[in-house]
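> Predicted coordinates and the sequence they were generated for:
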Amino acid sequence: KNCDDLDQAITLYHNGCCVISDSPVKRSSDHAVLLLNHALVLHDRFRNLRHSADLDEAIAQNRAALELYPKGHPYRGMCLGNLSDAIAAHFELSQDPSDLDEAIVLSQESLHCRPEGHPQHGATLLSLADRLISSSTLSGNTTDFDDAIKLLRQAAMIPFVAWQAQLKLAQIVSQVPANTPHSHGDSVEALHLLSQVLESPMGGVQTHLEAVLHSLNDLSAVAAWTDEVREQAIGVYAQAISLMPRAAYLGRDLKQQLQSIADAETAAVMAASNALLLKDIPTAVQLLEQGRAVFWYQAARLQTPLEDEHVTQDVRNEINHLCRVLSMDPCSVELDGKCAVERDAARRWKQSQRFEELFGQLKQQFEAEKLKNPIFPPEYSTLLQTAENGVIVIPICTVNFSGAVILHKGTSDMVHLPLATPNWLKIWNQRWQEDAIDARAYLRDNKDVVFEGSVRSARLVKFFEEEHTLLSELWSNVVQPIVDAVQGRPEVCRQLYGK
């Protein structure tokens with residue numbers, strides 16, 4: 001956001017508050033609204049510039065507004081939520097447990113003001129759950145942690161915030177905070193939740209993919225999966241890969257589109273490594289094929305414009321309008337205006353029904369879109385087809401598997417490379433780069449210096465010995481096991497090495 005605009009808005013709200021506070025109607029609803037908006041823009045500027053004075057003033061303005069909203073007022077829940085958000089932000093700066101305790105109490109009061117059916121009920125559940133998780137991490141209080149999970153499960157049933165709750169649940173049920181007594185997480189539930197996130201039409205498919213793939217990679221690194229859980233994880237990876245062609249084109253510039261497509265390769269390799277741990281070579285090859293197709297074919301499609309937008313502008317505008325209206329607090333009415341409250345509730349019910357109708361239409365449209373934009377092009381030479389003309393060796397190195405897949409004439413095999421771990425490869429590359437830089441620097445810096453022949457030769461021999469050592473390690477850890485596997489198949493060996 002433009003900070004100049006924020007500065008101007010803050011000045012205007014400040015002046016407005018001063019004018020009303022000096023008038024006879026100091027405790028009017030207009031004054032309260034000005035205080036709330038003033039606090040919001042101050043908090044917004046704090047997020048941009050991180051000036052603690054803005055946050056302190058936002059807290060003070062929220063407290064002043066809260067005094068003007070008695071219990072039962074339609075805006076009291078919003079004011080409590082805003083104050084809780086500001087104090088939670090202050091806790092991030094101060095690390096004072098009393099700030100977090102107050103933020104939790106305020107969120108609980110806000111939730112009481114926004115019961116089930118209220119448009120902000122789901123968002124308030126998420127905020128309170130986040131604060132309880134922070135409290136559990138800070139103090140080790142398991143009750144707070146369990147309460148947070150219950151709140152997230154409730155939020156996961158609300159369409160507007162379901163995907164956010166599902167993603168948060170997946171992260172915490174599979175990887176419980178280290179200082180809580182929970183001994184292990186539930187990878188099965190976590191993977192099911194991640195699959196639900198990918199199916200949700202709310203929130204943006206790019207956001208879903210990035211968050212889900214990040215969570216999947218974290219799970220792969222830390223979880224001790226059974227074969228059944230690993231198969232489930234492979235399914236979620238495949239689900240993510242199938243979404244990538246669509247994700248690349250939705251409202252992104254060329255660089256972002258290319259990055260979305262490039263992510264398919266990483267996802268496919270991670271999925272294939274899990275399949276190889278199950279010794280399921282055909283599935284691993286299929287996943288690698290999908291990642292390769294997304295990368296090359298979909299990247300080529302970026303050269304041509306899309307036909308039409310997937311969602312018409314009218315539908316897009318209606319969805320945005322309904323989201324905005326239904327996410328707002330109910331209209332401010334007099335407490336005795338029962339008829340007005342009932343009319344407002346009826347109107348919101350009709351709007352929510354219309355939103356559910358559009359929600360269903362979008363899901364059907366996305367399913368049709370999968371058929372229209374397939375991963376594979378009409379004429380596509382697969383890896384297995386290409387292997388009819390020669391041997392293909394696909395090295396794979398991930399946190400849970402290091403090895404290679406060998407394809408040749410409709411057959412497939414794999415070989416483990418237990419020493420070629422990601423950490424070993426990283427160190428090997430660093431050493432190779434350092435040695436190459438040292439050798440080039442020696443020749444460049446001493447090109448005009450006269451040396452005794454033996455001195456120069458000894459130095460160059462040392463460089464060659466270091467290079468030979470590194471190449472020997474690469475041969476032993478990577479190349480030799482692959483060659484040995486190929487040599488076990490005479491027809492492949494003849495093709496590689498000649499008659």
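Noted; the coordinates are in hand.

> Can you mark which positions in the host helix or strand of I241 are buried?
Assignment of secondary structure by DSSP states H and E places I241 within helix 227-247. Across helix 227-247, burial judged by 16 or more other CB atoms under 10 Å covers 229-234, 236-238, 240-247. Just so you know, the C-beta spots here come from the backbone N, C-alpha and C atoms, and that holds for glycine as well.

> same thing with stretch 98-108?
D99, L100, E102, A103, I104, L106, S107.

> Next, the first one: secondary structure please.
On the three-state scheme (DSSP: H, G, I helix; E, B strand; the rest coil), D99 is labelled helix.

> P97 versus the nearest residue in space to it that is not next to it in sequence, what's the distance?
Once its chain neighbours are removed from consideration, D99 has its nearest residue in F91; the separation is 3.8 Å (CB to CB, 6 or more residues apart in numbering). The span separating F91 from P97 equals 8 Å under the rule CB to CB, to the nearest Å.

> So between these two, which is more surrounded?
Summary of the neighbour comparison: F91 and P97, criterion other CB atoms under 10 Å, with F91 having more neighbours (20 against 13).

> just checking, the more buried one touches L106?
No. Counting by CB atoms under 8 Å, F91 stays clear of L106, with 11.9 Å between them.

> residue contacts, the residue nearest to S174 when sequence neighbours are not counted?
Leaving aside its sequence neighbours, S174 sits nearest to A190 (CB to CB, 6+ apart; 3.5 Å). A190 makes contact with L169, A170, Q171, V173, S174, S215, L219 under the criterion CB atoms under 8 Å, 6 or more residues apart in numbering.

> So which of those belong to helices?
Taking DSSP state H as the definition of helices, the contacts of A190 contribute L169, A170, Q171, V173, S174, S215, L219.

> How much space separates the residue lying closest to the first one once chain neighbours are set aside from S107?
Right, L169. Nearest residue to L169, sequence neighbours excluded (CB to CB, 6+ apart): L152, at 4.7 Å. From L152 over to S107 the distance is 14 Å, taken as CB to CB.

> which stretches of this protein form strands?
Here the chain has its strands, by DSSP state E, at 392-397, 402-408, 411-416.

> so what does the first one touch, helix or strand wise?
Using 3 or more CB pairs under 8 Å, 6 or more residues apart in numbering; DSSP states H and E as the contact criterion, the elements in contact with strand 392-397 are helix 254-277, helix 383-386, strand 402-408, helix 480-487.

> let's go with 7 Å and repeat that
helix 254-277, strand 402-408 (3 or more CB pairs under 7 Å, 6 or more residues apart in numbering; DSSP states H and E).

> How about the last one?
With contacts defined as 3+ CB pairs under 7 Å, 6+ apart, the packing partners of strand 411-416 are helix 281-293, strand 402-408, helix 480-487.

> buried stuff in it?
Judged by neighbour count (16+ other CB under 10 Å), strand 411-416 contains these buried residues: S412, M414, V415.

> Okay, now the sheet partners of that strand, with direction.
When sheet partners are counted by DSSP bridges, strand 411-416 sits next to strand 402-408 (antiparallel).

> which residues are contacting the strand it pairs with?
If you take CB atoms under 7 Å, 6 or more residues apart in numbering as the criterion, strand 402-408 is touched by 276, 281, 284-285, 383-384, 387, 391-396, 412-418, 420-421, 482, 485-486, 492.

> Same check on stretch 259-273?
Counting by CB under 7 Å, 6+ apart, residues outside stretch 259-273 touching it are 206, 213, 216-217, 220, 234, 237-238, 240-241, 244, 247-248, 252, 284, 287-288, 290-291, 294-295, 298-299, 396, 398, 400-401.

> Quick check on those residues: which are buried?
Restricting the contacts of stretch 259-273 to buried positions leaves 206, 213, 216-217, 220, 234, 237-238, 240-241, 244, 247-248, 284, 287-288, 290-291, 294-295, 298, 396, 398, 401, with burial counted as 16+ other CB under 10 Å.

> Would you quantify the distance from the most centrally placed residue in the chain to V269?
Among the residues of the chain, the one closest to the centroid is A211, at 1.6 Å (CA atoms, centre = their mean). According to CB to CB, A211 and V269 sit 19 Å apart.

> related to what we said a few turns ago, identify the residues contacting the residue nearest to D99.
The contact partners of F91, by CB under 7 Å, 6+ apart, come to D99, L100, A103.

> May I see the contacts of A190 organised as TSV, with distance to A129, pLDDT and neighbour count added?
Shown next, in TSV, are the contacts of A190 (distance: CB to CB, whole Å; pLDDT from 0 to 100; neighbours: other CB atoms under 10 Å):
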residue	distance to A129	pLDDT	neighbour count
L169	9	89	25
A170	13	88	29
Q171	12	82	20
V173	13	79	19
S174	16	71	22
S215	17	86	21
L219	20	82	22
